[in-house]
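Asker: make a model of this:
(chains A and B)
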Amino acid sequence: MTKKQKKVLYRIIISAVLLVALMIITHNVDLNKWLALGLYLIPYLIIGYDILKKAALGIYHREVFDENFLMAVATVGALVIGVWESGDFNESVAVMLFYQIGELFQSYAVGKSRKNISALMDIRPDYANIQGENGLEQVDPDDVEIGTIIVVQPGEKIPIDGKIVEGASTLNTSALTGESMPREVVPGDEVISGCVNISGLLKIETTKEFGESTVSKILDLVENSSMKKAKTENFISKFAKVYTPLVCGSAVLLAILPPLFNQFLLQQPPEWKTWIQSALSFLVVSCPCALVISVPMSFFGGIGGASARGILIKGSNYLEALAKVKYMVFDKTGTLTQGVFQVTQICPVEGMEQEELLAYAAQVENYSNHPISKSLRDAYGKEIDSSRITDVEEISGHGVKATINGVAVAAGNQKLMVSMELNCPEPSGIGTVVYVAVDGQYAGYILINDVVKTNSKQAIRGLKSAGVKKTIMLTGDSRPVAETIAKELGLDEVYSELLPADKVEQVEVLLGQKDVADKLAFVGDGINDAPVLSRADIGIAMGAMGSDAAIEAADIVLMDDDPAKIALAMKISRKTLRIVYQNIVFALAVKVICLAVIPILGIGMWLAILADVGVMVLAVLNATRALYVKKL
Amino acid sequence: MKKTYKIEVDCANCALKMEEATKKVAGITDATVSFMTQKMKVEFEEGADVDAVMKDVVKACKKVESDCEVYL
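Answerer: Okay, here's the model as predicted:
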């Protein structure tokens, strides 16, 4: 507990003890009304002085509909009735006491859930080690400049993104990905901050500042996620704004109308006291706290729980929308497949060696970062002399042209060959085809295959059972490859041979076809698909460890490349929304029942405050469940 | 321009009221207050004097919730 909370706790205990003592005394001894009031004022002021002060300030600032003001009116009103008629002051003190207990509980619970979440996201490094003159020195990671060599000992967190210059070790990435599978690293490997070094001493040359490192970005993202409020949350805010004035207005009417009605129409005694008491009870129920606190708290918990499983959600609104996703659109390469290509077949035209064709293809693709180019270079396996390659021209969605040793070479898909007015045969196997033209003549093709991720099939099935109506795959790859994979994975629709721009267009078409209430999510690997990620209702990027582009462009980021995490994220979203709805319905129902029953049965403030605080406590306890997503 | 400030506020409804009050301050286009993270994100109008505007924000917040803090 914080100092502030402890102070409130002491006040609660002292005034509770005093209240019980006074109850016993007044039960046995007949005190003078004014003496009793004086005695009761002691616990009343101890427990309620700050509320009275805030209420007075509220009146001064003309902010009358605030809960301090309402509590002050209700309890002072009860004291007045005590003096006026009953001589019972228990009610007033008790109401103030319970109200403060409720507030203390709320503040404690919120602090606790905040702490739980920061414990889950315990990836912030406190220091970085730098080799100084007298051994290792610990410095603030913020002060480490790019290019500094930092030392990470076994058991320590890597504080800043960088490249290993010395040492080999195993890294635990579970704080980032939620998976405990360790990763082996050797000199030359890029490592990202937040991983824990398990076995060996590592010397790392930093490639980023701390503020730009993965850890900082992730923490920033998670901490700011509650700034993007969910629709439900905004609805509750609006509701709270009208609810309190509405209840207060009804309280005033309840205090005035029935007595006048009694007196003038029914010619009966007005019974002012009874009705004013009911009106005061009304005021006690008028605080919207249970609703206002429990909704953002549930979303906060859901987002926190998800990040512990390696799913970063950028806002409560995305967590909310995720449950309504009916159309899941996937990119193929790197998302459903590993994005690791292997050359499976080399078919040169007559008069050319396989090795020669592969050499041309590998050289022309030398400068491309595309995984296909990489697989060609890997298959070639020899050092490429880049000085021989000139006039490189990349044609998006088609391929690459370049001059190698004075010979014009082109490598790419069928469209490239068509644009060069060359005839090329259909390949005899399934796979991505790279056609090669040398000196303006068709020279052969190379077949490349990508491997489907082991979890992809299970992921698609999981999404179906999570309520996704249609799973769709978009790919730039050829139709036979796309369809084979779609069949293997059980996808509903597949659109192949798309240029990057076509993917956006296709998503637009799909967006136009669906119901407004249904959401469409696009899942990509963050490479080349930023426009599509931002165009979809929800953009999900996977395999984001260390990829800044993906973290920037997407709404939801999966730290590892496991597509099964998408279904898990949907389950977390469902669970969170279920808790939110439970809280809203429960809190509203209890309040409405209270408001309805108070005037009919003449329920006292006692019960009203118990109902009010009780609902709040239960709603907050329910909201804390959102954090626990281990078993989903 | 957007800026984030650390705040201290005790109840969720008060956080909502601070958000409302901040939005109405001249020189501010939008504001969000997160009770859970105790942070306030403020979007300033083009060319606004941040220090002066934030002073008004603090004043407006104190008016609706006397017990709050905004750490500038």
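
Asker: quick one: pLDDT of the residue nearest in space to the middle of chain B?
Answerer: Centroid-nearest residue in chain B: residue B:22, 4.7 Å away (criterion: CA atoms, centre = their mean). Residue B:22 carries a pLDDT score of 94 in this model.

Asker: ok, it - contacts?
Answerer: Counting by CB atoms under 8 Å, 6 or more residues apart in numbering or on different chains, residue B:22 makes contact with B:28, B:31, B:33, B:40, B:42, B:57, B:60-61. Where C-beta positions appear, they are placed from N, C-alpha and C, glycine not excepted.

Asker: which parts of the strand or helix carrying it are buried?
Answerer: Residue B:22 belongs to helix B:12-23 when assigned by DSSP states H and E. Buried positions in helix B:12-23, judged by neighbour count with 16 or more other CB atoms under 10 Å in any protein chain shown: B:12-19, B:21-23.

Asker: and the biggest helix by length in chain B, which residues are buried?
Answerer: Counting by DSSP state H, the longest helix found in chain B is helix B:50-64. By 16+ other CB under 10 Å, the buried positions in helix B:50-64 come out as B:53-54, B:56-58, B:60-64.

Asker: which member of those is positioned nearest chain A?
Answerer: Lowest distance from chain A to the buried residues of helix B:50-64 (CB to the nearest CB) belongs to residue B:63, with 4.6 Å.

Asker: restricting to C-alpha, output the helix holding residue B:22 in PDB.
Answerer: C-alpha atoms of helix B:12-23 as PDB (Å, rounded to 0.1, in the frame of the first residue of the first chain):
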ATOM      1  CA  ALA B  12     -11.600   6.700 -12.600                       C
ATOM      2  CA  ASN B  13     -14.500   9.200 -12.900                       C
ATOM      3  CA  CYS B  14     -12.200  12.000 -11.900                       C
ATOM      4  CA  ALA B  15      -9.800  11.000 -14.700                       C
ATOM      5  CA  LEU B  16     -12.800  11.200 -17.100                       C
ATOM      6  CA  LYS B  17     -13.600  14.700 -15.900                       C
ATOM      7  CA  MET B  18     -10.000  15.800 -16.300                       C
ATOM      8  CA  GLU B  19     -10.100  14.500 -19.900                       C
ATOM      9  CA  GLU B  20     -13.200  16.500 -20.600                       C
ATOM     10  CA  ALA B  21     -11.800  19.700 -18.900                       C
ATOM     11  CA  THR B  22      -8.500  19.400 -20.800                       C
ATOM     12  CA  LYS B  23     -10.300  19.000 -24.200                       C
END
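
Asker: now do that helix and helix B:50-64, the angle between them.
Answerer: Interaxial angle, helix B:12-23 versus helix B:50-64 (axes from the mean of the first three to the mean of the last three CA atoms, to 10 degrees): 140 degrees.

Asker: what's the next secondary structure element after helix B:12-23?
Answerer: The helix or strand immediately downstream of helix B:12-23 is strand B:28-34, counting by DSSP H and E.

Asker: so that following strand, near chain A or not?
Answerer: Yes. Applying CB under 8 Å from any CB of the partner chain, one finds strand B:28-34 touching chain A at B:32, B:34.

Asker: what pairs with that strand, parallel or antiparallel?
Answerer: strand B:39-44 (antiparallel) (DSSP bridges).
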